[in-house]
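Colleague: Just to be clear, the model below is a prediction. Sequence and coordinates:
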Amino acid sequence: MTYAIGIDFGTASGRVLIVHIETGEVAGMRVVPYKSGTITSSLADKAIPHPFALQDAKDYMDVLRAGIPEAVKKAGIHPDQIVGLGVDFTSSTVVVADDQLTPLSEKEKFKTNPHAYVKLWKHHGASKEAADMFEVARMNKNRWLGNYGYNVSSEWMIPKVMELLNNAPEILKETAYIMEAGDWIVSTLIQENVRSNCARGFKTFWNEEDGFFYDYYEQLHPKLPSIIKEKLEGRLVKIGEKAGELSNEMSKTLGLPAGLPVAPAIIDAHSALLGVGSERKNQLTMVMGTSTCHLMLHDEQKQIPGISGSVKDAIIPGLFAYEAGQSAVGDLFAYAVKQAPNEYTEEASNRHISVHQLLEEKAAEKRAGETGLVALDWHNGNRSVLSDSDLSGLLLGLTLHTKIEDIYRAYMEATAFGTKMIMRSYEDWGMQIDEVFACGGLPQKNALLMQIYADILNKPIHISASDYAPAIGAAILGTVAGGGHRTMEEAVQKMKQPFLKTVYPISENVKIYQSLFEIYHEMHDFHGFERINMMKRLHELAARD
Ligand SMILES: Nc1ncnc2c1ncn2[C@@H]1O[C@H](COP(=O)(O)OP(=O)(O)O)[C@@H](O)[C@H]1O
Ligand SMILES: O=C(CO)[C@@H](O)[C@@H](O)COP(=O)(O)O
């Protein structure tokens, strides 16, 4: 058996890869876009509230049903040659399901109820709940939040559970399981309610020693502890183990052997670390797509303010995985693309290139600093280092001569400045960064972007040759679950993807960007003033205890 299946569920599509377990070569692949995409305005003409970002779980099943048989066919292999299957998923992407694992959105009476649908990581309907949770922790000297950057994000699972409790009791009543979408897929494949330690550790305030923080939940809502017990529990499976075996029913649907070993789900960005082979400390990996996640590994746990968190064994057994992030990166560039004038869209269409590519080309004609613009990239809030989804973006320096490509460039620079803030936080807390890796959909699509990042971070950046590092990581987990390699380390060494190239900083640009970063920093501190002060106070308080 020489192949593994890795399935990466992103924000806009799912990607199924068939990967050779000795060489990491991708033998077959199928990308399946989600039919309903991200639902933000209405369900069957019924308007939904503004900050909602929903998906239909049916689209995930289509990725399996359409993607797996086609990827296997493209690879030209027999299903018996497959050793195991792994899944990675965006997170916290939350499914509510009945006791048969059927999502409640499939029930006729809930067809237009937004709370019955999948709540995507970027769903901001739980902002109030996240703020309330933060306040309760603050009143308790911040006791539970140290390993989560001293913050609560509305992107996480528990605020979303609280949102259901406050706004959708009718849904909660019929919900047997509240699940990470990754766990839901794996549970559906093996027909058993299982939960992976990766998303559970990062998104639900859980750790292996203490379990869930029930004393915290009690203070949030009297009903919350029992809801967590009833609907979030399930057999725990750790990264590097086997979750179970493909059920007979799913084997028929997917054309795969019954009993095929299935790995526990891993968060998409975390999986990418395995795919690029960044499995040691002192390496920073940027997974750049709709959003960016900044991952590191370390042998100690440090309570770094403003990051998304740190969890033991979440990526490589024995090491703490650290995550920080920016909640709008590709999305921010898409926002600029939408504002491009007709003449630009026509030019792009005549030349058979995307508007992104056209804007990149035009932006590359300007030198560093030439646009006179500095932007703050908080159009979808700030994930790190302030963790406040209500913060908004800024654009400074507009004139009547400013063109859309200037703004596009300013946004690229702003996201790189945001990454520099994150890098500084890691370094300030003794997490030395010797190497920077970039993967995800963006690095290969936009060469200017990566040069800007190298110049602003003032570090060489190794770019993965694969756009699909998370799916490779998932295939690595599938291989290990199926016994194709004995250890994670062995599987990573055999299956990791090569680098396409390394982009080096240009010293002239580095100097210019150092002064622009000072302006970005001032904008950051000015616009994030209240949040920064609150975090400083919390941190002092925690340090005194
Ligand atoms: N040439 C480009 N330059 C910059 N951003 C791009 C380009 N083409 C697409 N994008 C952005 O890439 C994002 C999708 O990234 P990708 O990694 O493919 O998906 P996901 O984040 O769902 O895993 C979208 O937000 C889109 O706006
Ligand atoms: O938040 C996380 C990981 O914790 C990501 O799943 C989320 O940023 C979505 O990632 P994508 O940009 O869709 O790849």
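Modeller: The structure has been received and is ready for your questions. Ligands and ions are numbered 1, 2, ... in the order given.
Colleague: ok, the residue lying farthest from the centre of the chain to ligand 2 distance?
Modeller: Here the chain reaches farthest from its C-alpha mean at residue 400, the gap being 37.3 Å by Cα atoms, centre = their mean. Noted for residue 400: a distance of 35 Å to ligand 2, by Cβ to the nearest ligand atom, to the nearest Å. Glycine gets a C-beta too; all of them are placed from N, C-alpha and C.
Colleague: Could you list which residues are in contact with that residue?
Modeller: Contact analysis of residue 400 by Cβ atoms under 8 Å, 6 or more residues apart in numbering lists nothing.
Colleague: hey, where'd the strands end up in the stretch 101-250 of the chain?
Modeller: Ranges of strands within the stretch 101-250 of the chain are 118-119, 177-180, 194-196, 206-207, 211-212, 235-237, 244-245, based on DSSP state E, counting those that start in this stretch.
Colleague: Checking the residue farthest from the centre of the chain next. Helix, strand or coil?
Modeller: Look at residue 400: counting by DSSP: H, G, I helix; E, B strand; the rest coil, its state is coil.
Colleague: Tell me the backbone dihedrals of it, please.
Modeller: phi -70, psi -10 (degrees, to the nearest 10).
Colleague: now check the helix or strand hosting residue 324, is it near ligand 1?
Modeller: Using DSSP states H and E, residue 324 sits within strand 320-326. No. On the criterion Cβ under 6 Å from any ligand atom, strand 320-326 is out of touch with ligand 1, staying 11.8 Å away.
Colleague: And the helices in the stretch 301-450 of the chain?
Modeller: Using DSSP state H, counting those that start in this stretch, the helices of the stretch 301-450 of the chain run over 330-338, 342-350, 355-363, 404-428, 442-445, 447-457.
Colleague: okay if I get the ones you listed as TSV plus mean pLDDT and distance to ligand 1?
Modeller: Listed next are those as TSV, based on pLDDT from 0 to 100; distance: least, Cβ to the nearest ligand atom, whole Å:
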stretch	mean pLDDT	distance to ligand 1
helix 330-338	98	3
helix 342-350	98	11
helix 355-363	98	3
helix 404-428	98	8
helix 442-445	96	4
helix 447-457	98	6
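Colleague: who wins for proximity to residue 317 among the ones you listed?
Modeller: helix 404-428 (21.9 Å; Cβ to Cβ).
Colleague: name the helices or strands packed onto that closest one?
Modeller: Secondary-structure packing of helix 404-428 (3 or more Cβ pairs under 8 Å, 6 or more residues apart in numbering; DSSP states H and E): strand 283-288, strand 292-298, strand 320-326, helix 330-338, helix 355-363, strand 374-376, helix 447-457, helix 507-527.
Colleague: Which positions in the fifth one come out as buried?
Modeller: Going back to what we said before, that points to helix 355-363. For helix 355-363, a neighbour-count test (16 or more other Cβ atoms under 10 Å) marks 355, 356, 358, 359, 360, 362, 363 as buried.
Colleague: now those in JSON lines, with distance to residue 210?
Modeller: Output for the buried residues of helix 355-363, formatted as JSON lines (distance: Cβ to Cβ, whole Å):
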{"residue": "355", "distance to residue 210": "49"}
{"residue": "356", "distance to residue 210": "45"}
{"residue": "358", "distance to residue 210": "52"}
{"residue": "359", "distance to residue 210": "48"}
{"residue": "360", "distance to residue 210": "47"}
{"residue": "362", "distance to residue 210": "53"}
{"residue": "363", "distance to residue 210": "49"}
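Colleague: taking the mean pLDDT, what do you get for the strand holding residue 324?
Modeller: Strand 320-326 shows a mean pLDDT of 97.
Colleague: Pull up the pairing partners for that strand, direction included.
Modeller: strand 292-298 (antiparallel), strand 309-312 (antiparallel) (DSSP bridges).
Colleague: quick one, which of those is packed in tightest?
Modeller: Neighbour counts (mean count of other Cβ atoms under 10 Å) averaged over each of the strands paired with strand 320-326 peak at strand 292-298, with a mean of 25.
Colleague: what about it, near ligand 1?
Modeller: No. Strand 292-298 does not reach ligand 1 (Cβ under 6 Å from any ligand atom); its nearest approach is 9.0 Å.
Colleague: I'd like to check the angle between that strand and helix 330-338, please.
Modeller: Relative orientation of strand 292-298 versus helix 330-338 (axes from the mean of the first three to the mean of the last three Cα atoms, to 10 degrees): 160 degrees.
Colleague: Dump strand 292-298 to PDB, keeping only the CA atoms.
Modeller: The C-alpha trace of strand 292-298 is given here as PDB (Å, rounded to 0.1, in the frame of the first residue of the first chain):
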ATOM      1  CA  THR A 292      -3.000  33.900   7.600                       C
ATOM      2  CA  CYS A 293      -2.000  31.700  10.500                       C
ATOM      3  CA  HIS A 294       1.500  31.900  12.000                       C
ATOM      4  CA  LEU A 295       2.600  28.700  13.500                       C
ATOM      5  CA  MET A 296       5.500  27.700  15.700                       C
ATOM      6  CA  LEU A 297       6.600  24.700  17.800                       C
ATOM      7  CA  HIS A 298       8.400  24.800  21.100                       C
END
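Colleague: next one: it to chain centre, how far?
Modeller: With Cα atoms, centre = their mean, to the nearest Å as the basis, strand 292-298 stands 11 Å off its chain's centre.
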